[in-house]
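>>> here is my input, please return the structure:
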Amino acid sequence: MSESVEGILARLKRLAKEANLPGIEEGTSYGSLALKVGGKSFVAVKNDETVVISIPIDHKEHLLAMAPDIYFQTNHYVGWPHLPVRIAAISDDELKQRLIDAWTYRAPKKLISAYRSQAFSRASAR
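The predicted model follows:
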C-alpha cells in the first residue's frame, strides 16, 4: 500500500529534522511538494511511490548498482543531477543519509560549513 504524498513529505521533514539539517524550507519543484535549502530543491515528492533526490551525476551509477530495488532512473533523469527513489523500499536510515547528501549537494557553502561544525561539536561531546 502506498503512502500519501503528505505522509511522505512528513517523513522527509522528520528525517531532515533528525539529521539537524538547517535552513530547510517547504515549497514546490515543478509542481511537486519539495524540501529546499537556499531556495533550491534537494528532494521532491513526485507521487505516492517516488521521491526524487538531488545528487551529483557521477554518484548516480553507484546507487543504481548498489540498490536497484530502491533507486532507478528513467530517460527523463539521464544526464541530470536527480535520482528517483522508491519510497516504500528505502529504510529511514538510508533515506536520512540520502537527504543529508542531497542537502549538502544543494546547500550554500556557508550553511554547509555551519552544519559540519555543529555535527563535529555534537560528535566531540559524546
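
>>> next, residue 124: secondary structure please.
Using DSSP: H, G, I helix; E, B strand; the rest coil, the structure places residue 124 in helix.

>>> I meant to write residue 80 there.
Under the three-state scheme (three-state DSSP), residue 80 adopts coil.

>>> just give the closest residue to it, not the sequence neighbours.
Nearest non-adjacent residue to residue 80, counting by Cβ to Cβ, 6 or more residues apart in numbering: residue 57, 7.4 Å away. Yep, even glycine has a C-beta here, placed from its N, CA and C like the rest.

>>> wait, the one you found sits on residue 78?
No - applying Cβ atoms under 8 Å as the test, residue 57 and residue 78 come out as separate, 9.4 Å apart.

>>> adjacent strands (with direction) for the helix or strand where residue 44 lies?
Assessed by DSSP states H and E, residue 44 sits inside strand 40-45. Paired strands of strand 40-45, with direction, are strand 32-37 (antiparallel), strand 50-54 (antiparallel) (DSSP bridges).

>>> ok, and what's touching that strand?
For strand 40-45, contacts defined as Cβ atoms under 8 Å, 6 or more residues apart in numbering pick out 5, 8-9, 12, 27-30, 32-36, 51-54, 98-99, 102-103, 105-107.

>>> before we move on, back to that, can you check what pLDDT the model gives the residue nearest to residue 80?
Confidence at residue 57, expressed as pLDDT, is 95.

>>> thinking again about what came up before, can you flag the buried ones in the contacts of strand 40-45?
The neighbour-count test (16 or more other Cβ atoms under 10 Å) marks 5, 8-9, 12, 29, 32-36, 51-54, 98-99, 102-103, 105-107 as buried among the contacts of strand 40-45.

>>> please tell me how far the nearest residue to residue 81 once chain neighbours are set aside sits from residue 44.
Spatial nearest neighbour of residue 81, excluding adjacent residues (Cβ to Cβ, 6+ apart): residue 57 at 5.3 Å. Noted for residue 57: a distance of 17 Å to residue 44, by Cβ to Cβ, to the nearest Å.

>>> these two - which one has more neighbours?
Using other Cβ atoms under 10 Å as the criterion, residue 57 and residue 44 rank with residue 44 on top: 24 against 13.
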